[in-house]
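[1] let me see the structure of the following:
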Amino acid sequence: MIHHLLAIRGLPKPTLPLERGSHGRASRRTYSSISGSAIFCQRNKGEMSHPAGLLQPLSIPEGKWECISMDFIIGLPMVQGKDCIFVVVDRLKKYAHFFTISAHYITVQVTELFFREVFKLHGLPKTIISDKDIRFMGGFW
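    As a prediction, the model looks like this:
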């Protein structure tokens, strides 16, 4: 049954020797190892925690550049080798910095850009808000 689900998701079916155990039956361990290693299965696993509840409004910052938000605008046409915009916004005054970067950047490049352009002018903020983008969650912090 799992090989049908894998095929529906566009993943290759397991080969016949892997699929059948020594007695001609499909082993549960084989299926779990195949589904556990499939990228689709890993990405679409349900969370094991309770829902967070209702969203709470963010507090209003007391000073400029004390609380910022960061995000990426992707999917833009390529211009001079860059096709992505890194956006940093001050939540109090709504002042923003926009930096063009290549979509094939690494987290170190974004961190260096942040410290070179934003930290240099405004210092380190108390709070940084971003979505759960892997670029921020992985190596930025």
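
[2] for this structure, what spans make up the helices?
    Here the chain has its helices, by DSSP state H, at 2-8, 16-19, 28-37, 39-43, 107-114, 120-122, 134-135.

[3] I'd assumed F98 was in contact with L113.
    No: counting by C-beta atoms under 8 Å, L113 sits too far from F98 to count as a contact (11.5 Å). (Each C-beta comes from the backbone N, C-alpha and C, glycine too.)

[4] need the overlap of contacts for the two.
    The overlap between the contact sets of L113 and F98 (C-beta atoms under 8 Å, 6 or more residues apart in numbering) consists of F86.

[5] quick check: domain ranges of this structure?
    Under automatic domain parsing, the residue ranges defining each domain of the chain are 2-43, 67-140.

[6] confidence-wise, which of the ones you listed is weakest overall?
    Out of those, domain 2-43 stands lowest, with a mean of 52 (criterion: mean pLDDT).

[7] returning to what we had before: who has more neighbours, L113 and F98?
    The residue with more neighbours, out of L113 and F98 and counting by other C-beta atoms under 10 Å, is L113; that gives 16 against 10.

[8] tell me what the closest residue to the more buried one other than its chain neighbours is bridged to.
    Spatial nearest neighbour of L113, chain neighbours left out: F99 (5.8 Å); criterion: C-beta to C-beta, 6 or more residues apart in numbering. Beta bridges link F99 to F86, judged by DSSP bridges.

[9] which residues sit against stretch 86-98?
    Residues external to stretch 86-98 that are found in contact with it (C-beta under 8 Å, 6+ apart): 58, 60-73, 85, 99-101, 110, 113-114, 117-118, 122, 129.

[10] swap the cut-off to 6 Å and go again
    Where contact means C-beta atoms under 6 Å, 6 or more residues apart in numbering, the residues beyond stretch 86-98 that reach it are 61, 64-65, 67-72, 85, 99, 101, 118.

[11] now distance to M78 and neighbour count too, for these, in JSON lines please.
    Converted to JSON lines, the contacts of stretch 86-98 look like this (distance: C-beta to C-beta, whole Å; neighbours: other C-beta atoms under 10 Å):
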{"residue": "P61", "distance to M78": "36", "neighbour count": "17"}
{"residue": "K64", "distance to M78": "34", "neighbour count": "13"}
{"residue": "W65", "distance to M78": "32", "neighbour count": "20"}
{"residue": "C67", "distance to M78": "33", "neighbour count": "20"}
{"residue": "I68", "distance to M78": "28", "neighbour count": "24"}
{"residue": "S69", "distance to M78": "26", "neighbour count": "17"}
{"residue": "M70", "distance to M78": "23", "neighbour count": "21"}
{"residue": "D71", "distance to M78": "20", "neighbour count": "15"}
{"residue": "F72", "distance to M78": "15", "neighbour count": "18"}
{"residue": "I85", "distance to M78": "13", "neighbour count": "14"}
{"residue": "F99", "distance to M78": "16", "neighbour count": "16"}
{"residue": "I101", "distance to M78": "12", "neighbour count": "16"}
{"residue": "V118", "distance to M78": "25", "neighbour count": "20"}
